[in-house]
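Enquirer: Show me how the following folds:
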Amino acid sequence: MPLSDHEQRLLEQMERQLYADDPKLASTLRGSGRSLRSRHRLLLGVLGVAGGMALLVAGAASQFWPLGVVGFLVMLGGGWWASTGWQSGSEAASSSPKQTSKSPQRSGFMTRIEERWDRRRDGEQ
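Expert: Numbering: from 1, shown residues only. Take a look at the predicted model:
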């Protein structure tokens with residue numbers, strides 16, 4: 001269900017205010033180069049695992065065991081590369097050491113926004 005014009009204007013006003021009040025949060029919501037880098041690492045790692053698996057199968061099919069060993073090592077390296085890229089990207093999302101999951105952070109954020117909204121609506125600022 002689309003928003004009405006009034007609701008869209010209110011949402012845009014809330015977004016502008018949020019970006020003005022908390023630029024760090026705004027940059028987190030916009031995304032960063034780090035998440036792009038972690039996606040690239042993940043993609044390269046998955047490709048490494050697939051390539052290593054192909055080498056492993058080719059080595060087994062040709063009965064040339066050194067090729068199978070190289071394939072296994074490439075698979076192992078690709079899995080490690082993908083997992084370290086994924087972890088470094090997820091560390092940025094959970095930068096607060098006090099919170100263990102995203103839902104408490106989200107509910108705290110939403111609570112603050114609702115309180116600000118109520119104060120604005122009541123005429124306070």
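Enquirer: So for the residue of the chain most remote from its centre, what's the pLDDT?
Expert: Of all residues in the chain, Gln63 has its C-alpha farthest from the mean position, at 42.0 Å, by Cα atoms, centre = their mean. Note on Gln63: pLDDT of 92.
Enquirer: cool, the one 5 residues further on as well?
Expert: According to the per-residue confidence, Gly68 scores 93 in pLDDT.
Enquirer: now Gln99
Expert: We have a pLDDT of 43 for Gln99.
Enquirer: same deal with the one 5 residues further on?
Expert: Taken from the predicted model, the pLDDT recorded for Pro104 is 50.
Enquirer: Pull the contacting residues for Arg116.
Expert: Gln17 (Cβ atoms under 8 Å, 6 or more residues apart in numbering). Where you see a C-beta, it was placed from the backbone N, CA and C, and this is true even at glycine.
Enquirer: any idea how far Met14 is from it?
Expert: Taking Cβ to Cβ, to the nearest Å as the measure, Arg116 falls 8 Å from Met14.
Enquirer: How about Leu3?
Expert: Per Cβ to Cβ, Leu3 is found 12 Å from Met14.
Enquirer: cool, and Leu29?
Expert: Distance, Leu29 to Met14, by Cβ to Cβ: 13 Å.
Enquirer: which one of these two has more residues nearby?
Expert: Met14 (14 against 11; other Cβ atoms under 10 Å).
Enquirer: list the buried ones in the helix or strand that that one is a member of?
Expert: Take DSSP states H and E as the rule and Met14 turns out to sit in helix 5-21. Buried residues in helix 5-21, counted by 16 or more other Cβ atoms under 10 Å: Leu18.
Enquirer: helices or strands up against that helix?
Expert: For helix 5-21, the packing partners by 3 or more Cβ pairs under 8 Å, 6 or more residues apart in numbering; DSSP states H and E come out as helix 23-30, helix 102-121.
Enquirer: so which of these gets nearest Ala50?
Expert: Ala50 lies closest to helix 102-121 among these, at 30.6 Å (Cβ to Cβ).
Enquirer: how big is the angle separating that closest one from helix 23-30?
Expert: 120 degrees (axes from the mean of the first three to the mean of the last three Cα atoms, to 10 degrees).
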